[in-house]
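>>> how would this look folded up:
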Amino acid sequence: MKLWLVAVGQRQPAWADAAYLEFAKRFPPELRLELKACKVEPRNGRSAGQLMAAEAERIEAALPRGVRRVVLDEGGEGMSTQKLAARLRAWMADGRDVALIIGGPDGLAPGLKAGADETLRLSELTLPHALARVLLAEALYRAWSVTANHPYHRE
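Numbering: from 1, shown residues only. Presented below is the predicted three-dimensional model:
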């Protein structure tokens, strides 16, 4: 199974890229985490709705066929590590790849959110996109470690 992190924003600070890659490389061969970065739509005086719609087209084009769509949104369901581990187990049992979707500076288009299989919230805090990628990669790795009885997570 593959976890796809589909995120708007191609250029991130070097520290964020390094931290994301550190966690991504820790996943086992049977559960890979891969990033698909989509271009941020240039503002050029357009409305937030227009920007989100254009970014949604890029996100849709980046999504592999048949994936479970999980959008990250401030209105989504909050997760503990144990709940995320249980969700990861369910995804693995389902057998489909999972795409975790992070929108651009204005968020995700309403249609993209409506078409999601699930909506999760990464944090109560507002996070910069670079940090959200790192946090999500670490949280997914930690959830995997719980499912695999790996010593990374301790309670």
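
>>> what lines up beside the longest strand anywhere in the chain in the sheet?
In the chain, with assignment by DSSP state E, the single longest strand is strand 68-78. With DSSP bridges as the test, strand 68-78 is paired with strand 98-102 (parallel), strand 118-121 (parallel).

>>> pick the most deeply packed of the ones you listed.
strand 98-102 (a mean of 24; mean count of other C-beta atoms under 10 Å). Bear in mind the C-beta positions are built from the backbone N, C-alpha and C, glycine included.

>>> what does that strand rub up against?
1-8, 59, 63-64, 67-72, 91, 108, 112, 116, 120, 129, 132-133, 136, 140 (C-beta atoms under 8 Å, 6 or more residues apart in numbering).

>>> among these, name the buried ones.
Using 16 or more other C-beta atoms under 10 Å as the burial test, those include 3-8, 59, 63, 67-72, 91, 108, 112, 116, 120, 129, 132-133, 136, 140 as buried.

>>> how near is the residue nearest to the spatial centre of the chain to residue 56?
In the chain, the centroid-proximal residue (C-alpha atoms, centre = their mean) is residue 100; its distance is 3.3 Å. Applying C-beta to C-beta, to the nearest Å, the value for residue 100 to residue 56 is 16 Å.
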